[in-house]
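Peer 1: coords please:
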Amino acid sequence: MVVTDTDLVRAGSLDELKQKGCLVVGAGGHTIAVFWHEDRPWAVDNRCPHMGFPLSRGTVCEGLLTCHWHNARFDLASGGTLDPFADDVRAFPAIVEDGQVLVDVSPEGGDRAAHWRKRLEEGLEDNLSLVLAKATLALLQGGADPREIVRIGARHGARYRARGWSQGMTILTAMANVLPALHPDERPLALCHGLVQVAEDCAGQPPRFDLEPLPTGDLALPRLKSWFRQAVEVRDTDGAERTLRTAIAATSIESAPRDLADLLLAACTDHYYLDAGHVLDFVNKACELLDLLGWEEAPAILPSLVDGLCRAQRSEEQKAWRYPIDLTALLEPAFAELPGLVGEHVADAQDGARLDDARFDALVGALLDDDPRTAVDALLDALRQRTALAELGQAVAHASSLRIARFPTSNEFGDWDTVHNTFSSCNALHQAILRAPSAELARGLFHAAMRIYLDRFLNVPPARLPDEQAPAAAPDGPAALLDLLDREQQVAQAARLVDAHLAAGRDEGALIETLGRAVLREDADFHDYQELEGAWRQYTALRPSRPTAARRALVAMVRYEAAHCPTSRAFRQTYQIALRLQRGDALYQEEA
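Peer 2: Numbers count the residues shown, from 1 in each chain. This is a model prediction of the structure:
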């Protein structure tokens with residue numbers, strides 16, 4: 001690099017530097033600390049890259065500069081750090097001419113985007129939330145596509161956890177999905193939440209080791225699907241993974257979103273409501289992640305689902321599903337009918353009759369009935385009338401959402417998670433049906449109906465919905481919602497505010513942005529992220545033709561969130577530190 005006279009900045013005289021040991025000079029948009037050490041000058045950016053403390057207050061010994069705030073150590077020659085949590089500091093060439101110390105502030109070379117991608121990977125490896133936040137902000141400021149940030153996080157999560165897909169990958173995908181609905185200021189924070197959760201899932205875990213696909217390209221997908229289901233049936237993880245990898249290799253990018261989803265979802269519904277609904281949710285989220293990143297990532301992502309599929313608890317093994325009513329015995333005759341009612345192949349989940357408002361409400365009511373036979377009969381009747389599978393998936397998802405909307409706060413607190421798990425699974429089922437409808441997946445409608453039935457006691461007595469009460473005279477704006485959620489257990493009040501805002505026809509986008517901010521400012525639990533994304537999806541699907549049901553979807557979400565707010569908001573503080581560092585703010589107070 002050519003250095004011009006304008007790139008050389010005088011820091012002070014050599015005598016002054018020797019006397020004081022350190023000089024600070026402002027130049028080129030930097031505050032630079034110049035040290036005299038081992039008979040020569042050294043210059044580094046005065047701002048510690050960890051949290052911005054002035055390095056001029058640090059200590060130099062044996063070529064290492066130690067920051068006194070968190071003891072991060074930096075090589076004076078290169079600026080490289082011995083402590084990965086801190087990041088490298090920029091070093092500047094320093095020379096002596098005619099008794100004056102000059103610092104070269106030429107523009108920094110190198111690929112900064114590559115640097116921050118590397119830091120993102122290191123933050124994932126070492127589970128460093130501040131590093132993840134700084135890298136995400138720097139990459140987005142540099143014009144990076146958010147999908148590339150998600151890709152780095154997803155590849156890490158799929159590789160560095162031997163048990164495979166887990167909550168962190170679901171959260172990362174959910175936040176990527178909901179990103180367009182969030183306020184622009186909240187979008188980097190949403191990605192950071194997902195990345196931090198992936199890093200925590202993988203921390204201290206052994207990596208996954210891939211199996212190879214079978215050495216053939218001649219196996220038909222129906223044969224591979226049969227093998228895969230057999231392997232899952234007997235909990236054969238190796239057989240299932242190798243079969244799945246063979247299916248991935250044999251499937252075109254164009255047909256993969258449906259064909260590979262169909263293979264996985266059939267295995268999900270071979271047994272009842274696997275692992276409290278999480279398995280189906282994880283499979284659906286993995287497909288959504290590939291929609292975002294491209295299905296060429298399928299070999300890296302989909303095998304991470306196998307362990308969960310094979311090891312999942314099967315609800316037919318649980319007492320509640322067999323006694324006092326054997327729900328499996330109730331459903332098996334219905335399953336025998338499904339191939340004839342749905343057909344072996346369904347071209348589109350939207351094919352078939354649509355439910356008018358009265359029939360939709362009647363089906364939702366049947367799903368919420370105290371007799372499980374009522375729900376089974378209602379679903380079968382709808383299928384006999386050739387109702388579109390998408391309509392049935394929508395009704396099941398809405399019924400499960402109403403269990404949250406009507407959840408009384410007199411219940412045990414932990415039971416919020418019971419009704420939530422049902423909703424997150426039913427929302428995933430609805431999305432899966434839209435992707436890969438089939439008679440096999442239609443069994444999931446009946447599994448979900450029985451889970452909704454088992455949750456019935458958690459609506460005793462049912463909480464009244466806001467739209468069943470006198471309307472609020474003057475609905476408050478979204479900002480008032482954040483104020484409510486600063487206080488504990490404002491469940492009914494938050495629900496009424498959300499319902500009144502939507503009923504009055506006010507800005508729905510501002511409300512959804514506020515709901516996103518309400519979740520992202522907290523130290524959110526896995527279920528908070530799922531509630532935000534699931535309610536947003538259901539609201540979006542219901543709004544065009546069923547506005548009251550759509551309002552109830554967001555009412556359910558805000559009731560759940562209000563029950564779990566506020567938290568200590570520790571991660572929000574970490575993120576704010578990263579944001580202030582990016583803006584160049586001072587995080588310390590200079591002495592007067």
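Peer 1: where does pLDDT dip in the stretch 1-150 of the chain?
Peer 2: Where the stretch 1-150 of the chain drops to pLDDT under 70, the residues are 1-6, 28.
Peer 1: middle-most residue in this structure, spatially?
Peer 2: In the chain, the centroid-proximal residue (CA atoms, centre = their mean) is residue 171; its distance is 2.1 Å.
Peer 1: that one: which element?
Peer 2: Assigned by DSSP states H and E, residue 171 falls within helix 167-178.
Peer 1: quick one on the thing from earlier: show the contacting residues for the residue nearest to the centre of the chain.
Peer 2: Residue 171 makes contacts with 193-194, 197-198, 526, 529, as judged by CB atoms under 8 Å, 6 or more residues apart in numbering. Yep, even glycine has a C-beta here, placed from its N, CA and C like the rest.
Peer 1: what's the following helix or strand after the helix holding residue 171?
Peer 2: As the chain continues past helix 167-178, the following element, by DSSP H and E, is helix 187-202.
Peer 1: any idea of the mean pLDDT in that next one?
Peer 2: Averaging pLDDT along helix 187-202 gives 98.
Peer 1: ok, of the contacts of residue 171, which come out buried?
Peer 2: 193-194, 197-198, 526, 529 (16 or more other CB atoms under 10 Å).
Peer 1: quick check: buried residues in stretch 566-580?
Peer 2: Result for stretch 566-580 [16+ other CB under 10 Å]: buried residues 571-572, 574-575, 577-579.
Peer 1: actually stretch 510-522, sorry about that
Peer 2: In terms of neighbour count (16+ other CB under 10 Å), stretch 510-522 has its buried residues at 511-522.
Peer 1: longest strand of this protein?
Peer 2: Across the chain, the longest stretch assigned as strand under DSSP state E is strand 30-37.
Peer 1: tell me where the stretch 351-500 of the chain has strands.
Peer 2: Read by DSSP state E, counting those that start in this stretch, the stretch 351-500 of the chain holds no strands at all.
Peer 1: what are the ranges of the helices in it?
Peer 2: Per DSSP state H, counting those that start in this stretch, the stretch 351-500 of the chain carries helices over the ranges 357-367, 372-384, 389-405, 415-435, 439-454, 478-484, 491-503.
Peer 1: deepest-packed of those, please.
Peer 2: Of all the helices of the stretch 351-500 of the chain, helix 389-405 carries the top mean neighbour count, a mean of 26, counting by mean count of other CB atoms under 10 Å.
Peer 1: make sure residue 195 is actually in contact with residue 121.
Peer 2: No: contact criterion CB atoms under 8 Å: residue 195 and residue 121 do not qualify, at 10.6 Å.
Peer 1: buried residues in stretch 158-167?
Peer 2: For stretch 158-167, by 16+ other CB under 10 Å, it's 158, 160-161, 164-167.
Peer 1: an error on my part: the question was meant for stretch 322-338.
Peer 2: Neighbour counts using 16+ other CB under 10 Å place 325, 327, 330-331, 334, 338 of stretch 322-338 among the buried residues.
Peer 1: what's residue 62 in contact with, if anything?
Peer 2: Not one residue lies near residue 62 by CB under 8 Å, 6+ apart.
Peer 1: do you know how far it is from residue 102?
Peer 2: According to CB to CB, to the nearest Å, residue 62 stands 25 Å off from residue 102.
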